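> Any chance you could fold what I've pasted below:
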Amino acid sequence: MKRFWLGFIIVIFIGLMSACAGTRAIMQTAPSAPKKATALPAITAQTAGQWENQKPDIAAQLQTHIYGDMPAVEGAARVEAIHPVAQAAFNNSANISEWTITPRGDIDPFTVVMLMPADILPGETPPIILTQNFCPNHNVIPVDGISKPKRAGFSCEGNGPMSDVFGYFFGRYIMTPPVEMIMNRGYALAVVYPPDFVPDDAVAAAPILSTLSQSDNRTGAIMAWAWQASRIMDAIEESGEFGDVIAYGHSRYGKSALVAAAYDPRIDGVIAHQSGTGGASLSRSKPGETVKLVTEGYPHWFTPKYADYADDQSALPVDQHQLLALIAPRPIMLGNAKRDVWSDPEGAFRAAMGASPAYALYGSEGLTAIKLTEFKPEDDIAFWMRPGTHGVVEEDWPAFLDFLDAHFK
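Here you go, the predicted structure:
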């Protein structure tokens, strides 16, 4: 009976989506090589010092025109409590604890699940992957003792047909990463559920975003989730238990991972998988999801001013290669899929090309690939393209870990 309902829901879902622009985009494929010019405006600094002087203005423009205010609350967050949850979980690979983190100001605390490789030696500080997830923490890490969120969005309990459909369409690792694989490769993991901090809903998010904003340029959820990642950085830094910190996110959380690294130099690297519009992909002359579509569908993700460019994306004074350039010379991996034209892999590749001059100022080549299908994990801007569509599938995490090994081991 479960298979019947799963099949029925899938057929209905496909039928409803067949008229959507996103579904039509799935029928297209990204080119193997970029067909358009690199990004504008160009990076024109001649020295790293000149670029460092330009960065504050670019960061301010990105806030003004796309992401909204960096939250006004200042000062480090504190770890309110640490609760041991499990030892030698995930086939003896991970020790698990839950941290309650309280930001400064009138901001609610939130929980982060911390996983440490079980075979770590005393005094060792492994690199840690800070991952923002679509599912609540207790679903991502299904171990007894992990708290349920105060604010729950999509249910990932795994006992209903919708959870099966979610996994079917978006891949094996969309709900939980391959924890045992990650631990065995020597990486720690920080797991957080952003909608428990700022709901991924325009109405529910509005009062919280207003509290976080410092002017009429309202903070968007992408910036708020990036700010939350920085508060987790406070806790990681205070603990002294971890080495390099890599921000990871898929889709909307790929956007926030990039923004977090751009505004927080303590983040040592980024894996932004299929981050699309408002993430790694250029806003100008793009296929797939346009500024108009993303601001109509998710108005709470950005500052309202971003929607002003819906009918003329070329009028934007900044573009996403400049966001990537703010991260230089720290390593970035941009994940993509051949049939995910909605997220515009070509636009992400061109953004990587446009950001590479900033990397060159620090003695790095940035992106050296000349085709979207060339994966060079050792590059400081590595581009990953696999077959398939939007999601996190079996091929993705081994590639992510190869990139991390090349830069953080």
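> Helix, strand, or coil at the residue positioned nearest the centre of the chain?
The centroid of the chain falls nearest to Gly254 when counting by C-alpha atoms, centre = their mean (2.0 Å). For Gly254, the assignment made with DSSP: H, G, I helix; E, B strand; the rest coil gives helix.
> ok, it touching Ala280?
Yes: with contact defined as C-beta atoms under 8 Å, Gly254 reaches Ala280; the gap is 7.3 Å. Bear in mind the C-beta positions are built from the backbone N, C-alpha and C, glycine included.
> Mutual contacts of these two, please.
Ala272 (C-beta atoms under 8 Å, 6 or more residues apart in numbering).
> on that earlier part again, the residue nearest to the centre of the chain: what's its closest spatial neighbour, skipping adjacent residues?
Nearest residue to Gly254, sequence neighbours excluded (C-beta to C-beta, 6 or more residues apart in numbering): Ser275, at 3.1 Å.
> neighbours of the one you found, just the number please.
31 (other C-beta atoms under 10 Å).
> Contacts only, for it.
Counted by C-beta under 8 Å, 6+ apart, Ser275 has contacts 249, 251, 254-255, 257-258, 281, 334, 343, 348.
> re the thing from before, OK, contacts around the residue nearest to the centre of the chain?
The contact partners of Gly254, by C-beta under 8 Å, 6+ apart, come to 272-276, 279-280, 335.
> If we use 10 Å, what do you get?
Residues near Gly254 by C-beta atoms under 10 Å, 6 or more residues apart in numbering: 132, 247-248, 270-276, 278-280, 334-335, 343, 348.
> Which members of the residues you listed occur in helices, if any?
Ala348 (DSSP state H).
> Give me the buried subset of the contacts of Gly254.
Neighbour-count burial (16 or more other C-beta atoms under 10 Å) is assigned, among those, to 132, 247-248, 270-276, 278-280, 334-335, 343, 348.
> quick one, helices of the chain?
Under the criterion DSSP H, helices of the chain are mapped to 2-17, 21-26, 48-62, 89-92, 137-140, 161-170, 179-184, 202-212, 221-239, 252-263, 291-297, 320-327, 345-360, 396-408.
> Out of these, the one nearest Leu115 is which?
Closest approach to Leu115 among the helices of the chain is made by helix 179-184 (6.5 Å; C-beta to C-beta).
> Please enumerate residues in contact with the closest one?
In contact with helix 179-184 (C-beta under 10 Å, 6+ apart) are residues 89-96, 115-120, 126, 129, 131, 140-143, 173, 178, 187-189, 191, 397-398, 400-401, 404.
> and Tyr168, what pLDDT?
Per-residue confidence (pLDDT) for Tyr168: 62.
> What of Gly354?
96.
> Equivalent analysis for Tyr298, please.
97.
> residues touching Val198, list them.
71, 110, 151, 204-206, 208-209, 211-212, 219-225, 227-228, 300.
> Weed out the non-buried ones from those.
71, 110, 151, 205, 208-209, 211-212, 219-225, 227-228, 300.
> out of everything not next to it in sequence, what's closest to Ala310?
Nearest residue to Ala310, sequence neighbours excluded (C-beta to C-beta, 6+ apart): Lys292, at 3.6 Å.
> doesn't Asp311 make contact with that neighbour?
Yes: the pair formed by Lys292 and Asp311 meets the contact definition of C-beta atoms under 10 Å, at 6.9 Å.
> between the two, who's got more neighbours?
Lys292 (14 against 10).
> contacting residues for that one?
Listed by C-beta under 10 Å, 6+ apart, the contact partners of Lys292 are 277, 307, 309-311, 313.
> and Ile327, how many neighbours?
Count around Ile327 with other C-beta under 10 Å applied: 27.
> Let me see the confidence value for the nearest residue in space to it that is not next to it in sequence.
Closest residue to Ile327 apart from its sequence neighbours, by C-beta to C-beta, 6+ apart: Ala261 at 4.9 Å. We have a pLDDT of 98 for Ala261.
> give the contact list for Ala261.
226, 229-230, 245-247, 267-270, 272, 323-324, 326-327, 330, 332.
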